[in-house]
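# Curious how this folds, go ahead:
(one chain, ligands or ions: 1)
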Amino acid sequence: MEDTGKEPVALVTGSSSGFGMLICVELALRGFNVVAGIRRLEAAGMLMEAAEQAGVRERIDAVRLDVTRDTDVEQMAEHIRSRHGCLDVLVNNAGTAYGGFIEEVPAEVWLAQMNTNFHGMVRVTQAVLPLMRGQGKGRIIQMSSISGRIGFPGFGPYASSKFAVEGFSECLALEARPFGIDVVLVEPGAYGTPIWEKGFTQMSTRKGSPYESMLDKVLAFSRKSASQGGDPKEVARQVAHIACMKRPAFRYALPRSTRLTIRAKGAVPGRLFQRLLAIVLERS
Ligand SMILES: NC(=O)c1ccc[n+]([C@@H]2O[C@H](COP(=O)([O-])OP(=O)(O)OC[C@H]3O[C@@H](n4cnc5c(N)ncnc54)[C@H](OP(=O)(O)O)[C@@H]3O)[C@@H](O)[C@H]2O)c1
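Now for the predicted structure:
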């Protein structure tokens with residue numbers, strides 16, 4: 001970011017664990033004052049401990065922020081205006097991962113998935129845009145996923161929400177650019193955070209479901225991805241690096257295997273790519 005002599009301010013949503021918690025610490029280590037959005041403030045302990053250990057506790061300002069609650073989002077924006085006066089970087093990170101087979105996932109689960117991963121991100125972005133526009137600068141870093149680029153069986157609700165994040169970000173980048181605000185998509189593959197245990201590895205089917213045998217394979221794939229996932233610090237460092245770059249690219253996929261998989265999707269016919277994914281699933 002441009003050096004104005006003032007200490008930069010960042011807002012990170014979903015900061016109680018995983019990437020969000022690590023991103024807060026990495027940003028604080030790089031000199032940001034970090035507003036850490038946390039759904040339930042009682043769950044701030046792990047973040048505060050990590051910040052304490054890194055010697056940046058005083059740079060973390062934990063605020064209650066459930067991205068599905070309008071009042072939380074309004075109060076968070078007011079808090080940033082009154083306490084910090086500016087916002088240089090927003091990291092839209094909060095997310096959940098619902099798995100299941102499209103035919104069987106209940107309507108309320110689809111709505112909950114979209115409400116957190118998509119509408120929650122829209123709410124927070126809308127709330128901070130006036131502040132960033134008024135400053136004539138800002139950066140919005142969107143936590144997408146390989147699932148925002150590639151669909152996979154059993155990941156329907158999650159992938160749909162992340163594809164929505166991708167489309168939203170492409171439009172936002174063009175709308176916000178004239179106001180000095182840039183948008184960056186981060187697309188991680190599998191990393192070892194709590195999201196797997198909370199979501200995909202809990203996937204199930206209805207009793208007597210025609211998807212039962214597919215479920216076994218998807219679960220094996222999800223458990224393997226969860227156990228072999230990369231070190232989440234790698235993603236946190238990448239995000240903090242993006243926050244500080246002069247001119248970041250629009251998309252960052254990581255690790256390298258994820259970059260190559262996304263590239264392969266663009267390089268081969270759609271049906272062939274689907275066959276390759278089916279082979280990956282079969283071998284899980
Ligand atoms: N780990 C991966 O392999 C991976 C790969 C690609 C993308 N991602 C994305 O990375 C982001 C962070 O996930 P993670 O892997 O770090 O998992 P995580 O540890 O489960 O973190 C998710 C965070 O989002 C918060 N959250 C959930 N619902 C929320 C809501 N309504 N309002 C505010 N915060 C909410 C959670 O808070 P609670 O603890 O209170 O629920 C938690 O702090 C997500 O967007 C995810 O889709 C993860």
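# Quick check: the closest residue to P194 other than its chain neighbours vs the ligand, distance?
Closest residue to P194 apart from its sequence neighbours, by C-beta to C-beta, 6 or more residues apart in numbering: S17 at 5.2 Å. All C-beta spots, glycine's among them, are computed from the backbone N, C-alpha and C. Separation of S17 from the ligand (C-beta to the nearest ligand atom, to the nearest Å): 4 Å.
# what's near enough to touch E234?
Each residue near E234 by C-beta atoms under 8 Å, 6 or more residues apart in numbering is listed here: 191, 254-255.
# Out of those, grab the one that's most surrounded.
Counting neighbours by other C-beta atoms under 10 Å, Y191 comes out on top of the contacts of E234 with 24 neighbours.
# Dig out what that one forms beta bridges with.
Under DSSP bridges, the beta-bridge partners of Y191 are G230.
# Make sure it is actually in contact with Q228.
No - counting by C-beta atoms under 8 Å, Y191 does not reach Q228; the two are 10.0 Å apart.
# picking up where we left off before, pull the contacting residues for the residue nearest to P194.
Contacts for S17 (C-beta under 8 Å, 6+ apart) come out as 43, 46-47, 193-194.
# Quick one: buried ones out of these?
47, 193 (16 or more other C-beta atoms under 10 Å).
# quick one: strands adjacent to the longest strand anywhere in the chain?
In the chain, taking DSSP state E as the definition, the longest strand is strand 181-188. Strand 181-188 has the following strand partners under DSSP bridges: strand 138-143 (parallel), strand 251-254 (parallel).
# quick one: average confidence on it?
What strand 181-188 shows for mean pLDDT is 98.
# Likewise for stretch 218-229?
Averaging pLDDT along stretch 218-229 yields 89.
# repeat for stretch 140-150
Mean pLDDT, computed over stretch 140-150, is 98.
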